[in-house]
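**Q** Turn this into a model:
(chains A and B)
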Amino acid sequence: MLRYLLRSLLLAVLVCLTVLVISFALARLGGNLAINLAGPDASPEAIAKIEHQLGLDRPLPIQFLDWANRAAHGDLGDSFLFHEKVSQLIAEHFPVTFILGILAIAIAIAVALPLGILAALHEGTAADMAIGMMALAGQAVPSFWLGLMLIVWFGVTLHWLPISGVETWTGYIMPAFVLAFVAIPAMLRLTRGGMVDAMRADYVRTARAKGLSRASIVLKHAFRNAAMPVVAVSAVQLGFILGGSVVVEVVFNIRGVGYLAWESIQKGDFPVVQAVVLLFAIIFVVLTTLADLLGAALDPRLRAT
Amino acid sequence: MRHRIALWLGVLIVGTAAVVAIFAPLLVPHDPFAQNLSQRFIPPAWMKGGSSEHLLGTDQLGRDYFARLILGTRISMMIGTTTIMMAGFIGTTLGVLGGYFGGKLDRVVMFIISCRLAIPLILVALTVVSLIGSSLTVVMLTLGLLLWERFAVVSRAATRQVCGLDYVAAAWAAGCSRLAIILREVLPNIAHHLVVIATIDMAIAILLEAALSFLGLGVPPPLPSWGLMIAEAKDYMFFKPWVIEIPGLALLVLVLGINLLGDGLRDALGAQTER
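**A** Here you go, the predicted model:
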């Protein structure tokens, strides 16, 4: 187990370092940043001055080492646009995105688990097929469009919920639901598959033979075994949800990290973009590594691979 | 039986979309780019005030919505097909190499997959498009270069499984080269998994392009990408909801069709591929 733990951690660190390099390279993809910032009409002197101020006139490897060194010490540089520390900006914007992500994954679990179990217990019946079709249709709905349609229905026609912002808690309902929607089909399918396998397993037959009640068999024996992969997938899905929050935050005008990144991308504020890409990558790596280790701790068979 | 119905429904939807995409210039009733400011927001033919002249009405610049929707089908299908070709090539190459040779090479492949998964897809795509400049080609290349991980994961697992089978050992014993085994024994036997993955990735690519265009960093105007149509019509949706309903429904139906096709093919081909 210790060997497995060390290997997972090493891999996680290596992935984070690679993403660090990629996110640095990404901002240099478009050629000259200083021209972007100075605007199209700027004089060569003005551009040179900006380049010098930002250290962009130094060789690329030096720029990278400098940035990586500071990033490792928690200093992600200053935003070109807001004239504020990037770490400060992210700290201000992250809580909203985080709350949204947690709510979304909670909604997704609350919807996907019961439906998945229901489908598995009625395998092959009309109910199973209906749930399967719902998952398939749900996967086809574009999330930004769903957000807009909900705004039109619940925000404008019915006046039930606020159409933008999260000043009150009701503002979280629609965006969290839209984010959850993306994760539900995958989680539902996984729950169903796990439960179908578990209900056919020997230990469930044994439990039946012992004369245990159906509720006890389903919840205590089958579900416990089927739940493990669902926990792992929830962690991965939370990572995807956070990374995909930009669309929903723009639709609902929520000033989270996703919105910040979208604004920064459009205005060429690359220290912020780099930092957000890195942040989401690290969150994803931490979540998947935790899920991985949890799985290995509970199921020794997984450690072999 | 249900799967047969679902499969054929998928074939019907995707087939229609393909025909519409290929013959789009012949099918448009009006020029999809021609503006006419005196004819703005004519509602669809079945609504009050609609006319059979503009079947799905006109947009905020008086452009025929039906013509734009048809040309939009072409954009979505082009994005979908080029993405799966590029991503399929990259992902399958990585996956088969890792799965067949194992060892160090396999670890490298797994590491590349882990890195790709850690990168927030939408943010990186947005950044790349904003830096290089938005055009249909840039969006296609970006998505193709980013969406290969599912191909890699599945082809790696399938290759490992196939490599343990007798016919691969027999081919090796008969003196076939590694390349010949990969091309003639492994690839044909994992192809059914790849077909299913192709449908999944095609659906994802189409949805992603729509999202990027909606966020203003995808296909540039005046091209009628469905995502861009929704973005442009967004300011008017409170009074004329049909302006976002029509392109949204088109997107939903096409992606659902692709999903149905993939699901049906999986059952028909017996591929136990995880979605």
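
**Q** tally of neighbours for the closest residue to chain A within chain B?
**A** At 3.1 Å from chain A, residue B:131 is the closest residue in chain B, using CB to the nearest CB. In short, each C-beta sits where N, CA and C put it, glycine included. Neighbour count of residue B:131, defined by other CB atoms under 10 Å in any protein chain shown: 21.

**Q** SS state for it?
**A** What DSSP: H, G, I helix; E, B strand; the rest coil gives for residue B:131 is helix.

**Q** Roughly how far does it sit from residue B:138?
**A** Applying CB to CB, to the nearest Å, the value for residue B:131 to residue B:138 is 10 Å.

**Q** helices or strands up against the helix ranked longest in chain B?
**A** Determined from DSSP state H, the single longest helix within chain B is helix B:65-101. Packing partners of helix B:65-101 (3 or more CB pairs under 8 Å, 6 or more residues apart in numbering or on different chains; DSSP states H and E): helix B:2-22, helix B:24-27, helix B:103-118, helix B:136-146, helix B:149-163, helix B:187-214, helix B:226-233, helix B:242-269.

**Q** where's the residue of chain B closest to chain A relative to residue A:300, distance?
**A** Computed with CB to CB, the distance linking residue B:131 and residue A:300 is 47 Å.

**Q** how far off helix B:149-163 does the longest helix of chain B point, in degrees?
**A** Angle between the axes of helix B:65-101 and helix B:149-163 is 40 degrees (criterion: axes from the mean of the first three to the mean of the last three CA atoms, to 10 degrees).

**Q** Show me how far helix B:65-101 is from its chain's centre.
**A** 6 Å (CA atoms, centre = their mean, to the nearest Å).

**Q** Which positions within that helix qualify as buried?
**A** Buried residues in helix B:65-101, counting neighbours by 16 or more other CB atoms under 10 Å in any protein chain shown, are found at B:65-84, B:86-88, B:90-100.

**Q** quick check: mean pLDDT across that helix?
**A** Mean pLDDT, helix B:65-101: 94.

**Q** Where does the prediction get shaky in the stretch 1-150 of chain B?
**A** Within the stretch 1-150 of chain B, the stretches with pLDDT under 70 are B:1-3.

**Q** which bits of it sit near chain A?
**A** B:2, B:6, B:111, B:114-115, B:117-124, B:126-128, B:130-132 (CB under 8 Å from any CB of the partner chain).

**Q** run the last query once more with 7 Å
**A** Within reach of chain A by CB under 7 Å from any CB of the partner chain, the stretch 1-150 of chain B has these residues: B:2, B:111, B:114-115, B:118-124, B:126-128, B:130-132.

**Q** Mark which of those residues are buried, thanks.
**A** For the residues of the stretch 1-150 of chain B next to chain A, buried by 16+ other CB under 10 Å: B:114-115, B:118-124, B:126-128, B:130-132.

**Q** interface residues of the stretch 151-275 of chain B facing chain A?
**A** With the criterion set to CB under 7 Å from any CB, the stretch 151-275 of chain B comes near chain A through B:207, B:210-211, B:214-215, B:230, B:234, B:237-238, B:241, B:244, B:248, B:251-252, B:255-256, B:259-260, B:263, B:275.

**Q** cutoff 8 Å now
**A** Contact residues, the stretch 151-275 of chain B versus chain A (CB under 8 Å from any CB): B:203, B:207, B:210-211, B:214-217, B:227, B:230, B:234, B:237-238, B:241, B:244-245, B:248, B:251-253, B:255-256, B:259-260, B:263, B:275.

**Q** Can you tell me which of these are buried?
**A** Neighbour counting by 16+ other CB under 10 Å classes B:203, B:207, B:210-211, B:214-217, B:227, B:230, B:234, B:237, B:241, B:244-245, B:248, B:251-252, B:255-256, B:259-260, B:263, B:275 among these as buried.

**Q** Angles on the backbone of the residue lying closest to residue B:219 once chain neighbours are set aside, please.
**A** Distances taken as CB to CB, 6 or more residues apart in numbering or on different chains place residue B:225 nearest to residue B:219, at 3.9 Å, with adjacent residues excluded. Per-residue torsions, residue B:225: phi -70, psi 140 (degrees, to the nearest 10).

**Q** Then residue B:218?
**A** Torsion angles, degrees, to the nearest 10, at residue B:218: phi -130, psi -120.

**Q** One more: residue B:54?
**A** Per degrees, to the nearest 10, the backbone of residue B:54 is at phi -120, psi 100.

**Q** Please apply the same query to the one 5 residues further on.
**A** Here is the backbone geometry of residue B:59 (degrees, to the nearest 10): phi -90, psi -160.

**Q** So it sits against residue B:233, correct?
**A** Yes. Residue B:59 lies in contact with residue B:233 (CB atoms under 8 Å); the separation is 6.4 Å.

**Q** if I pick the closest residue to residue B:114 other than its chain neighbours, what's in contact with it?
**A** Once flanking residues are discounted, residue B:114 sits nearest to residue A:15: 5.0 Å by CB to CB, 6+ apart. Taking CB atoms under 8 Å, 6 or more residues apart in numbering or on different chains, we find residue A:15 in contact with A:281, A:285, B:111, B:114-115, B:118.
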